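Q: can't give you the sequence, but here's the structure:
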């Protein structure tokens, strides 16, 4: 999957952001935050020192796919990544339930597809890793009493990401089933403390799922 000198970009919303250092250089303390992106950065730099990988985290809390696309030039194309790992979608739905500022499924698909197409046009050899958005019911006050409705709408976004991964020959990282299965070991709030944001254990689950799909 990796070649010498590759640049890997992790991007998305708060699940990727995790209080990353906004003044980061690649080697700065807390440059990748404290979540799955940092776990993967640490692992990859440890396991592949001979490759001289450059790894960035450009997640921003609260982002929807439209926000991610709006800043793609600054936070993606200008970094010239060889691999772009994207986790986006839960805010496109959550923002609707909280403030009426969501992104409907059809527009989510349209903008996500446009973003990938433009990235491939500007970076012809770029490889994509697309992570499935996910949630669990425990502690999820935002959709209290409407979780079945939420799950149906989230499933639309999940299917969109899987379909886009196929269209762009990208690696798809399934996460919903992994979190569902993890609930057999501990309460859902152990993995996602508010139904959306992962705990330390939840971030490790994401990192392990990413490694499984990307590294085999």
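A: Nice, thanks for sending it over. All values reported here derive from a predicted model rather than from experimental measurement. Numbering: from 1, shown residues only.
Q: look up phi and psi at residue 73.
A: phi -60, psi -50 (degrees, to the nearest 10).
Q: do the same with the one 4 residues further on
A: Recorded main-chain torsions at residue 77 are phi -60, psi -40, according to degrees, to the nearest 10.
Q: quick one: contacts for it?
A: By CB atoms under 8 Å, 6 or more residues apart in numbering, the residues touching residue 77 are 119, 122-123. Where you see a C-beta, it was placed from the backbone N, CA and C, and this is true even at glycine.
Q: for residue 162, same thing?
A: Contacts of residue 162 (CB under 8 Å, 6+ apart): 130, 132, 172, 174.
Q: nearest spatial neighbour of the last one, skipping sequence neighbours?
A: The reference is to residue 174. The shortest distance from residue 174 to any non-neighbouring residue, by CB to CB, 6 or more residues apart in numbering, is to residue 132 (5.2 Å).
Q: isn't that neighbour right up against residue 179?
A: No: assessed by CB atoms under 8 Å, residue 132 is found out of contact with residue 179, at 9.8 Å.
Q: follow-up on the earlier one: any idea how far residue 162 is from the residue nearest to residue 174?
A: According to CB to CB, to the nearest Å, residue 132 stands 7 Å off from residue 162.
Q: ranges for the helices of the protein?
A: Secondary structure of the chain (DSSP state H): helices at 14-17, 36-47, 65-70, 72-75, 90-99, 105-122, 147-167, 176-182, 188-191, 200-215.
Q: quick one: the worst-scoring helix or strand of the chain on mean pLDDT to helix 105-122, angle?
A: Taking mean pLDDT, DSSP states H and E as the measure, the helix or strand of the chain with the lowest value is helix 90-99, at a mean of 91. Using axes from the mean of the first three to the mean of the last three CA atoms, to 10 degrees, the inter-axis angle of helix 90-99 relative to helix 105-122 is 150 degrees.
Q: counting by contacts, list what helix 90-99 packs against.
A: Packing contacts for helix 90-99, counted by 3 or more CB pairs under 8 Å, 6 or more residues apart in numbering; DSSP states H and E, involve helix 147-167.
Q: mean confidence score for the helix it packs on?
A: The predicted model gives helix 147-167 an average pLDDT of 96.
Q: sorry, back to before: top of the contacts of residue 162 by neighbour count?
A: Counting neighbours by other CB atoms under 10 Å, residue 130 leads the contacts of residue 162 with 25 neighbours.
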